[in-house]
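1. with the input below, show me the fold.
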Amino acid sequence: MRRLVFFAFLLCLIRLTISALPLCDYRSPQTDLSDLGISFSYKYHNDPYGVSDQDRNFGQLKADYSRLFDVPNFGFGVSVQTDMTISVLRLSSYLISAEGNLKRYIAPDAAYFGFAGVSGKSASSYDAMRLAVSLGIGYGRFADITPLAKAMNIDDYLINRKSITKHLNDLDLEAVAFEIDSIDTYDSFADLLAVVQEIIEESGLAKTGGLDALDIYEMGRIIADDDHSRYCGGDAKVGLEYELLDPFGGPSELLATAAFNYALATTPQAQFLAQGAVSGSSDILHTHQIEIRLDYDYVLTDTVSLASSYSFVRETWDGVHTDIHTVLLEAELTPIETAQVILGLELSHEPYFLEWSTDITLLMSMDLL
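-> This next block holds a predicted model:
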């Protein structure tokens, strides 16, 4: 049953992301995207009947940080993932991985680049930390299209409120997006709103009397919202990786590597991201590592958003596979600005599991004063 749900989930992602819109045609002179997520849970239970097997005393910490920076001449990427399970009654486990790379394009308007990187990984199943450096070539770029996504959200809002008679044309949308992208050049946020208001009113589509105070307030809220970054593009790269430290105490090896990243925003409300990497020694069929991750999030309304992800990790040593599958589904409800409800479902399967592990999380919070 879970396999059917999983494959249906993947088919929905593919169907929702196969058609590209002009949103991805926008090009920003600088892309700087970052994301940080941290979660912690702890449970303690002392069995009242004295059955030690029923006692519970464990906690889990997860942290995920990533940053992507790109300008015409160069770019860099950083990512760190941490997953720790701490238990007093059972074996504790952890998995920590970090990676950084620097890209140099052959020309400001070119997509070909050379790269250098370093990566590290430590796990409770390793004898020591793994450390490696890499060099290679690649092709592709990422673009931050958040400014145009915000401009399109402003356009939709004004249409729904009948503050403009029809949708803004492409030139006006790009002009609004350019000003939003140039927010750091303004002396104040009010100055930016005044320029955006001027562009919309001079388009000739605004209602008689121009935009009112509520329109200006909502435009400011949309521009200031940094919770939903949108980006498009991708890259692919191949290279060589030299293993400075082997996690099982073996000799240092020269590995072949390949990786790809792909991002697509079908609408201002949707974002799809696919990432993959593979590395292996000369005997790549018997010793290799594979990592694949798919992410999709969708903003249904101003108060409801959905997020989902699937990750697959395989490590093969001397022909023996170790596979880890993880599926995450999350719904976030914000009925008012001071209240938040999050419902999450996590399915995971690791070696020696007899069935999929299932975790359901319900979080409710509210600021009363």
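2. I'd like the distance between D191 and E202.
-> 17 Å (CB to CB, to the nearest Å). Heads up, the C-betas are built off the backbone N, CA and C, glycines and all.
3. sorry, wrong one. I was asking about A149.
-> 22 Å.
4. of these two, who's got more company?
-> Of the pair A149 and E202, A149 is the one with more neighbours under other CB atoms under 10 Å, namely 25 against 11.
5. mind checking the SS state of the more buried one?
-> Following DSSP: H, G, I helix; E, B strand; the rest coil, A149 is assigned to helix.
6. spit out the contact partners of it.
-> Going by CB atoms under 8 Å, 6 or more residues apart in numbering, A149 touches L23, H228, R230, A265, P268.
7. can you lay out the residues you listed as a markdown table showing secondary structure?
-> As requested, those are exported to a markdown table (three-state DSSP):
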| residue | secondary structure |
| --- | --- |
| L23 | helix |
| H228 | coil |
| R230 | coil |
| A265 | coil |
| P268 | coil |
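8. now flag whichever of those residues is closest to S348.
-> Proximity of the contacts of A149 to S348 (CB to CB) peaks at H228, which lies at 26.3 Å.
9. where does the closest one land on pLDDT?
-> As predicted, H228 sits at a pLDDT of 81.
10. skipping adjacent residues, who's closest to it in space?
-> In this structure, H228 finds its nearest non-sequential neighbour in V299, 6.0 Å apart by CB to CB, 6 or more residues apart in numbering.
11. can you give me the neighbour number for that neighbour?
-> Per other CB under 10 Å, the neighbour tally for V299 reads 19.
12. same thing with S87?
-> Neighbourhood size, S87 [other CB under 10 Å]: 13.
13. any idea how far it lies from E350?
-> 15 Å.
14. tell me the secondary structure of I180, please.
-> I180 ends up helix, using three-state DSSP.
15. ok, now which ones touch it?
-> With CB under 8 Å, 6+ apart, I180 has these contacts: P147, K150, A151, L192, V196, I223.
16. out of those, grab the one that's most surrounded.
-> A151 leads the contacts of I180 on contacts (other CB under 10 Å) with 30 neighbours.
17. quick one, strands of the protein?
-> Residue ranges of the strands in the chain, as given by DSSP state E, are 31-45, 56-70, 74-87, 93-105, 112-123, 130-144, 231-245, 254-264, 270-280, 288-299, 304-317, 320-333, 339-349, 357-366.
18. between those strands, which one is nearest to N160?
-> strand 288-299 (15.0 Å).
19. strand partners of that closest one, parallel vs antiparallel please.
-> strand 270-280 (antiparallel), strand 304-317 (antiparallel) (DSSP bridges).
20. hang on, S87 packs against K43?
-> No - using CB atoms under 8 Å, S87 makes no contact with K43, being 10.0 Å away.
21. now mean pLDDT too, for the strands paired with strand 288-299, in JSON lines please.
-> Below are the strands paired with strand 288-299 laid out as JSON lines (pLDDT from 0 to 100):
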{"stretch": "strand 270-280", "mean pLDDT": "91"}
{"stretch": "strand 304-317", "mean pLDDT": "91"}
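22. pick the most buried one from these.
-> strand 270-280 (a mean of 19; mean count of other CB atoms under 10 Å).
23. next one: it to chain centre, how far?
-> Mean C-alpha position of strand 270-280 versus that of the full chain (CA atoms, centre = their mean, to the nearest Å) differs by 10 Å.
24. show me the contact partners of that strand.
-> 13, 16-17, 228-231, 241, 255-266, 287-299.
25. ok, of these, which come out buried?
-> 13, 17, 228-231, 241, 255-257, 259-266, 287-291, 293-299 (16 or more other CB atoms under 10 Å).
26. give the residue spans of the stretch 1-150 of the chain that score low on pLDDT.
-> Applying pLDDT under 70 to the stretch 1-150 of the chain flags the ranges 1-22, 52-55, 88-91.
27. go again with 80.
-> 1-22, 28-29, 39, 41-58, 86-92 (pLDDT under 80).
28. same check on the stretch 151-300 of the chain?
-> Residues of the stretch 151-300 of the chain that meet the cut-off, pLDDT under 80, sit at 227, 250, 282.
29. recalculate using a threshold of 90.
-> 170, 182-184, 204, 206-210, 225-231, 233-234, 243-255, 266-267, 279-289 (pLDDT under 90).
30. from G100, how far out is M129?
-> For M129, the distance to G100 - CB to CB - is 15 Å.
31. let me fix that: S282
-> When S282 is compared with G100 (using CB to CB), they lie 26 Å apart.
32. higher neighbour count, the two?
-> G100 (15 against 10).
33. got TSV for the strands of the chain, with distance to H167 too?
-> Output for the strands of the chain, formatted as TSV (distance: least, CB to CB, whole Å):
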stretch	distance to H167
strand 31-45	26
strand 56-70	30
strand 74-87	34
strand 93-105	35
strand 112-123	37
strand 130-144	23
strand 231-245	21
strand 254-264	22
strand 270-280	19
strand 288-299	19
strand 304-317	24
strand 320-333	28
strand 339-349	32
strand 357-366	37
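34. can you redo the contacts of I180 as TSV with distance to D109?
-> Below are the contacts of I180 laid out as TSV (distance: CB to CB, whole Å):
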residue	distance to D109
P147	20
K150	26
A151	24
L192	29
V196	29
I223	29
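35. mind picking the two most distant members of these?
-> Of all pairs in the contacts of I180, the most separated under CB to CB is A151 and L192 at 12.4 Å.
36. now the closest residue in space to F40 that isn't next to it in sequence: how far from S125?
-> Leaving aside its sequence neighbours, F40 sits nearest to L61 (CB to CB, 6+ apart; 5.0 Å). According to CB to CB, L61 and S125 sit 18 Å apart.
37. kindly report the same for L329.
-> From L329 to S125 the distance is 27 Å (CB to CB).
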